[in-house]
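**Q** model the following, please.
(chains A, B, C and D)
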Number of protein chains: 2
Amino acid sequence: MTVLDVDPYARACPSRQLLDRIGDRWTVLVINALEDGPQRFSQIARRVDGISQKMLTQTLRALEADGLVERTVYPEIPPHVEYELSALGRSLLEPLGALITWAVENLGAVQSSRERVAAS
Amino acid sequence: MTVLDVDPYARACPSRQLLDRIGDRWTVLVINALEDGPQRFSQIARRVDGISQKMLTQTLRALEADGLVERTVYPEIPPHVEYELSALGRSLLEPLGALITWAVENLGAVQSSRERVAAS
DNA sequence: CAGTATCCAATCGGATACTG
DNA sequence: CAGTATCCGATTGGATACTG
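**A** Numbers count the residues shown, from 1 in each chain, chains lettered A, B, ... in the order given. Model prediction:
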């Protein structure tokens, strides 16, 4: 199964297909990097700290396959490729933002809970 | 690194810690199973189709460590253990629900995009 | 610049067997 | 009933080298 295939367990809950993508280590960070507008491959790589070339390519391909990101190639030398959120991708920003807001607001509570558990 | 440890890349974006958890194959399904109130281990196992004993245990331990789920042991024979969402866990239901709603509403668009890609 | 190809160590997770 | 322990095949993802 590649990243473009569909998980067999997704049948149990259709939203799994999207949540799996969102849960990818890099997906949300890449979407975040694209919030400000079109970006080149190397720009995204610089913005998303720690991502490898392989994973950036894989993540972008998956987002493109899902129709969340659009890829534009400018036929120049050296190559010039830009990625930007599609309308569908931008529509994801709102619910995703709500979740991230929740995460930021409740991170302290979760962390202190984790510390209590780690200490015991 | 166990499921209870913190990902080194989380530093780049604190919300990663929560998104990683949400992205777990089973986490959202388990939270979903607990929406209706306290459930026993075996009840959750039956509700979450396809989950193994190992992964259910692991998922519940992680949710408990994060303070999202509370575990109550009734000292009986045979053992009786109930899991329920904490107040923090219930507060997650709203933003998570918004994301799932988006996923359900846009699943068609994503799937047809995937099919276009698969066909080419 | 924007990738692709390959190798490989680490992690994940299902199956199975066992226990208080 | 509600777990724990162990094995092991499958998947993940970083590092490295190479290319139009």
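
**Q** who are the contact partners of the spatially most central residue of chain A?
**A** Nearest to the mean C-alpha position of chain A, counting by Cα atoms, centre = their mean, stands A:T27 at 1.7 Å. Contact analysis of A:T27 by Cβ atoms under 8 Å, 6 or more residues apart in numbering or on different chains lists A:R21, A:T59, A:A62, A:L63. Bear in mind the C-beta positions are built from the backbone N, C-alpha and C, glycine included.

**Q** element containing the second one?
**A** A:T59 belongs to helix A:53-65 when assigned by DSSP states H and E.

**Q** DNA strand C contacts on chain A?
**A** Proximity of chain A to DNA strand C is confined to A:40-43, A:53-54, A:57, A:60-61, A:71, A:78-82 under the rule Cβ under 7 Å from any atom of the strand.

**Q** mind doing that once more with 10 Å?
**A** Those residues of chain A that sit near DNA strand C, judged by Cβ under 10 Å from any atom of the strand, are A:8-9, A:20, A:23, A:39-46, A:52-58, A:60-61, A:64, A:71-74, A:76-83.

**Q** near A:R61, how many other residues are there?
**A** If you count neighbours by other Cβ atoms under 10 Å in any protein chain shown, A:R61 ends up with 16.

**Q** measure the residue nearest to the centre of chain A to B:S112 for me?
**A** Going from A:T27 to B:S112 by Cβ to Cβ, to the nearest Å gives 20 Å.

**Q** any idea which helix or strand of chain A has the worst average confidence?
**A** Ranked by mean pLDDT, DSSP states H and E, the weakest helix or strand in chain A is helix A:16-23, scoring a mean of 84.

**Q** so how far is the helix or strand just after it from its chain's centroid?
**A** Per DSSP H and E, the first helix or strand lying C-terminal to helix A:16-23 is helix A:27-33. Centroid separation for helix A:27-33 versus its chain: 4 Å, with Cα atoms, centre = their mean, to the nearest Å.
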